[in-house]
Every structure is written in structure tokens, then in C-alpha cells.
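K.L.:
Give me a 3D structure for the following:
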Amino acid sequence: MNRFHIIILLISLTFAACTGTKKLTLERDLQSQQMITQGKDLMNTGAYDKAADVFETAAIRPQNQSTTSALYLAGLAYYKQGASFPAQQQFEKLIRDYPKSKYADDARYHMALIKLKKFDENVRQEGINELFALSEKSKDKELEELSRNAALDYLFNKANIPFLNTYYAQAQEPFKTLSLEAIIHQEAGKGRAQEALIARYEQHVAAGGRKSAFLDKLLDETAVIKPVHEPNIIKLALMMPFYLDEQNFFLMSEVPRQSKDALEFYEGFQQAVEDYSPQARKKIFLQVFDTKRDTSLIKKQLKQINDWSPDVVVGDVFTNESRTIAQWANAHKVVQIVPFSANTSLIGDSLSYTFLARPAASTHGKAMATYAAQGLLLQHVVVWTDGRSVTNSIANRFAETMQAYGGQVSILQIDSVYKDRAQDDIQEHFKNELNNIKKQGIDGMYIPLSSEESAGLIISNLSLQAGEGDVRIMGTPSWRNFNLIPRQLKERFGVLYTSPYAEANNPTAYDTYVNSHYMKFGMPPTEVNVQGYGLGLYVLNMLDIYNPKTIPLKEFLKNAEAFQAVHNDIFFMRNQDNQEMHIFEFRDGNAVRVE
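P.N.:
Predicted coordinates:
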């Protein structure tokens, strides 16, 4: 996902003059507003150069309510085009002439990102300092998070050690300690002796530097805990509910339905092992356990696994059984990767060795709101929820993110138990709160509901009020499987949905796997097959380059760069759940990836 940060443009803007204490109400300029609308349309089609010209023309008109938004959007259009110099000029003018504008911090953020790409080391240091300053002083909480993550990503993954040492020498706390964390993290990854790393840290503290919980834990774990990772061996444990008895089956029709997903995932994972082994630097060993969705059996199996000391445990399918493994993993400091469940109760400070291969439910809401703000430039979105915990998690994260960008959100709830009552709720909402959508300025609806009947009734009611392109419909992966809602209706409203998976995200790996699967089974792989294959490639690649003499494996995975799997990217970005997400749109008879 792109991480460009853009404020939703409100219909009415009031600007406080920066050159005095008296607030002035500026005039609305219809022509400027029309230009901004035209520029947004051009940006949505990817015509950033033409959009920049339109925004610049709007910005040089006599000062009005749209002047600052036009300047900011001109800079953003140039930035997305990759034209850093004119983008920098627009952002600098906005910051210089309108330092109190609501767009000023966003301009500073993009200016800092531009500086990080400069050759001059001093300019790149300025960029880091500006990002850290925004992470502490911005009034926009979402921008604070984006700024801090951008700075840390550069320090940990992009900056070289000479740059880090130079930055460390001039940085003030707490950023001095953060830069030392990046230095030691990188030097450990390059195999520098642990004694030297500890000495560097002790020297920092002795000179008055802050102590670091990150370094305390990192260096303590590598020093005190007996290493279980053998340098030239990869050991994997796959724990899945196959529900298999002693007897085997020979026909596909004989496979129990409850065994299907686990077996298909295993087929993909095993194929990844076979395909990757010829190029692997290390020998690969895989043990497979049938958990049968039985926690008492899982505990017995974990005792066996403990003696074997695997590098990674992959499993289980279900949340409760995955939690049993997560508790063991945390106690024994072994990384666990959960392939299917995205329940955030499986991760956190008390379960710090567990990673979710699928993004958490709330990440869907955040990703869609970000795209609604930066890609669609929506201003007022209605969010539907049925009150269930999962739906509320998605809806609330969408609302928080959208509001952080300056957008307006209205939340409407329907019944989650009785379909008839839910349908009555929808009709009442359209009769009362949504009786004049166009007049109310509603330009988007987010429908993260799992009920196709409810989603279909909402979009049907909307079709009676709104024309094509007036309101964008957004949802979750459930929309991909909504087959009763006519495709023509989905395409009329340009329905968008989030998914961590994209068909042939990595064409080379995908083609390799499809050919292997055909050779072995005589049929194309299922989506679950592909998920198993992709996660297998990720785990094998990470463990093959991991040096167990450096930092703990969990820290290595948190700070690793994005990995392009088969149908998805895996990028934890210092979190425990995958942060990567794609956006799809129903268009021209297909679901087309747009982000």
C-alpha cells in the first residue's frame, strides 16, 4: 500500500490569516473550486502532470478559501508523479506563506520524504529530524504515526551504517538512542560480535545516553538464552487440524470436508519446500502435526516439539487452538506464524512471539479509509455496522482514520441477529438519516457487513437516490463472494473492497507454482493452496538469510523489508500483524486491483 498522507478537502474552508492575530473570512471562489474538482478527477486517473497544472492555476488566483488546498494538491500531484523539485517548490511556498494552514504539516511530511532521497547527507539528516519533529508535535495523530514509521523505516532498513553513525553524533535524545538501536540492529545483522555490540551500548549509556528497552531485550536475549537456531539448518513445525485417522484415503471425494483447508494449505507449503530446497543455503526439515482441533492433544505435541527446538511453528487454523500454541511459543521464545486467524487477541506484549500472516480485521478499515482519503478524496462517508465485535472493529478503525484525515463520518447500525429486523433498520435509516443523500453531501458508503442480504438492500436503496459516480461503495473481502448482488450494480457504484491477496501478485513465483501443481495433481491450485505456498516461501526465505548469532528471530521479522509472496506481500513494519493490503474495484466484468 502507498502511504501518501492527504487531508480530505472540506466543501467549505475558512482560513485564518497568518500575518496577523485578526481572523479573516476569505471569499469562496467558484472557479478555483471547479479547478480543484477537475484536478482531483485527473489525479484519480493517474494524470498527475495535468492535475498539477490545474492545481497550480487555481493556486495563483486571488487568495480565497481554496488557495492553500490548491497549493498542497499541486505539490502532492508532482510528488506522486516523481517530480521532486516542483513538488518541493509548492510545499515550500505553502509552508512559507501559510504556516498555520491545516495542510502545512502534511506539506512538511512530504518535504521530509523528498529530503530522504537526496544525495547530500546533511539534507537527509534534516529529513529525519523533520519527521521526528512531526511525530511529536503534529496535531494529526495519524500523521504522527506516519512520520515516526517513515523515520524508523529509513533508519532501520534504508540508511547505511556510516550515515547512522554521523546522525547519532549530532542527534538529541530520544532520537540519539533510536539511531543507536538502528546501528546495533544493522551491525548485528551483518554478524558483528555480540561483545562489541554490548560495549557500544554500554559506552552510550556511560556518556549520558538513554537506556533502551529494545536493546536491553535484544542483547539480553542473544546473550542469555541458549540458542535454538542451528546455523545451517531450518527446522519448521506445521500444526494443522487435518482430522485424519490411522487409515488413509485415496480419492478426493473421500477427503473429509473439515480436513480440506488444512490439507490444501499443507500441499502448498510442502510444494514451497520442494521448490525452494535446491537453492537454499541451509538444509530444511519439516515436521507436520495433526492437531484435530484438540487443545489437550496440542499440548502433548508441543512437548515433542520443544525437544526438537524448531525455528518457527506455523499454525493453527482456529483462534483458540492458535492461542494454546502462542502461549507455548512465548514461554519458549519460539516464533509462531498464524496463517489464517487475524484475531488480535493472539498478539501483544504477553504473546510477543506470535505473528499474524493475515492483516488484523481493523487493518481493513484503516486501509480503506486511507484510500478513500488519498485516492478518492471523499469528504463524507456513511459507515454501516451490525454491532458485532469484528464489524465494529473494522468500522471504528475506518471512522478513526477518516476523521484523522479531516473527513466526516456518520455511523449507522442495524440488527445483527434477525434478518427481518436488519432490513427494517436499513429502510428506516434511508427514510430518516439518508433521505437526501446529495443534499447531505454524502459521497461514500463503507459497508463492512458479512450479510449479503443487508449489503444488497443498502445498495438497492442507494440506487434509487444516487446516480453513477455520485457515491462510492466500499467494503471488505466479503464483497468478493457476494454473488446475489448484480455485477452491474456493483460496477455502477464502483464497489471497492480490501483484500490481502492479489491474483498473481508475484507472477514469476505464481507461474512456477501453478506448473508444479499441475505436474503433481493435474489441476490448478486453489486459493488456499496458493496461500500455503506463499507463506512457505516467506518463511523459508527469511530463515535462509537469518543469522542466529545476531538478533532474535522475532526482531528480525519485525524489521525485515516487505516480502513479495505469490498472492500477497508480507511486511510487519515493527508490528506483529501483516500491514500489507490491496484495494480492488468491480470494473469491466472483473475485480481490478487499483492499489
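K.L.:
quick one: low-confidence ranges for the stretch 401-550 of the chain?
P.N.:
Residues of the stretch 401-550 of the chain meeting the criterion pLDDT under 70: 467-469, 502-505.
K.L.:
what are the ranges of the helices in it?
P.N.:
419-431, 437-440, 452-463, 487-492, 507-521, 527-545 (DSSP state H, counting those that start in this stretch).
K.L.:
contact partners of the second one?
P.N.:
In this case it means helix 437-440. His380, Leu434, Leu462, Gln465, Ala466, Asp470, Val471 (CB atoms under 8 Å, 6 or more residues apart in numbering). For the C-beta atoms, the positions are set from N, CA and C on the backbone; glycine is no exception.
K.L.:
so Gly444 makes contact with Leu376?
P.N.:
Yes. With contact defined as CB atoms under 8 Å, Gly444 counts as touching Leu376 (7.1 Å).
K.L.:
can you list residues touching both of these two?
P.N.:
With CB under 8 Å, 6+ apart, Gly444 and Leu376 have common neighbours Arg472.
K.L.:
Switch the helices of the stretch 401-550 of the chain over to JSON lines; also include mean neighbour count and distance to Ala213.
P.N.:
Converted to JSON lines, the helices of the stretch 401-550 of the chain look like this (neighbours: other CB atoms under 10 Å; distance: least, CB to CB, whole Å):
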{"stretch": "helix 419-431", "mean neighbour count": "15", "distance to Ala213": "47"}
{"stretch": "helix 437-440", "mean neighbour count": "14", "distance to Ala213": "49"}
{"stretch": "helix 452-463", "mean neighbour count": "19", "distance to Ala213": "45"}
{"stretch": "helix 487-492", "mean neighbour count": "16", "distance to Ala213": "48"}
{"stretch": "helix 507-521", "mean neighbour count": "15", "distance to Ala213": "37"}
{"stretch": "helix 527-545", "mean neighbour count": "23", "distance to Ala213": "24"}
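K.L.:
Tell me which of those helices approaches Ser179 most closely.
P.N.:
Nearest to Ser179 among the helices of the stretch 401-550 of the chain is helix 527-545 (24.1 Å), distances taken as CB to CB.
K.L.:
For that closest one, name the packing helices and strands.
P.N.:
The elements that helix 527-545 packs onto, with contact taken as 3 or more CB pairs under 8 Å, 6 or more residues apart in numbering; DSSP states H and E, are strand 233-240, helix 260-276, strand 312-314, helix 507-521, helix 553-559, strand 563-564.
K.L.:
Just name whatever secondary elements the last one is in contact with.
P.N.:
Okay, so that is strand 563-564. helix 527-545.
K.L.:
Specify the angle between the helix it packs on and strand 233-240 in degrees.
P.N.:
150 degrees (axes from the mean of the first three to the mean of the last three CA atoms, to 10 degrees).
K.L.:
start at 112 instead
P.N.:
With the count now opening at 112, the last piece we talked about shows up as helix 638-656.
K.L.:
Now do helix 638-656 and helix 618-632, the angle between them.
P.N.:
Using the same axes, to 10 degrees: helix 638-656 against helix 618-632 is 120 degrees.
K.L.:
Dump helix 638-656 to CSV, keeping only the CA atoms.
P.N.:
This file holds the C-alpha atoms of helix 638-656, laid out as CSV (Å, rounded to 0.1, in the frame of the first residue of the first chain):
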residue,chain,number,x,y,z
GLU,A,638,-6.6,-20.1,-3.2
VAL,A,639,-5.7,-22.0,0.0
ASN,A,640,-3.0,-23.9,-1.9
VAL,A,641,-1.5,-20.6,-3.0
GLN,A,642,-1.7,-19.2,0.5
GLY,A,643,0.3,-22.1,1.8
TYR,A,644,2.8,-21.8,-1.0
GLY,A,645,3.3,-18.1,-0.5
LEU,A,646,3.7,-18.3,3.3
GLY,A,647,6.1,-21.2,2.8
LEU,A,648,8.3,-19.1,0.5
TYR,A,649,8.2,-16.3,3.0
VAL,A,650,9.3,-18.4,6.0
LEU,A,651,12.0,-20.2,4.0
ASN,A,652,13.5,-17.0,2.6
MET,A,653,13.5,-15.3,6.0
LEU,A,654,15.1,-18.2,7.8
ASP,A,655,17.6,-18.9,5.0
ILE,A,656,19.1,-15.4,5.3
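K.L.:
quick one: least confident helix or strand in this protein?
P.N.:
Of all regular secondary-structure elements in the chain, judged by mean pLDDT, DSSP states H and E, the least confident is helix 324-335 with a mean of 69.
K.L.:
Arg139: how many residues sit nearby?
P.N.:
For Arg139, the neighbour count with other CB atoms under 10 Å is 13.
K.L.:
Give me the pLDDT for it.
P.N.:
Predicted confidence (pLDDT) for Arg139: 81.
K.L.:
now swap in Leu408 and tell me
P.N.:
For Leu408, the pLDDT comes out at 95.
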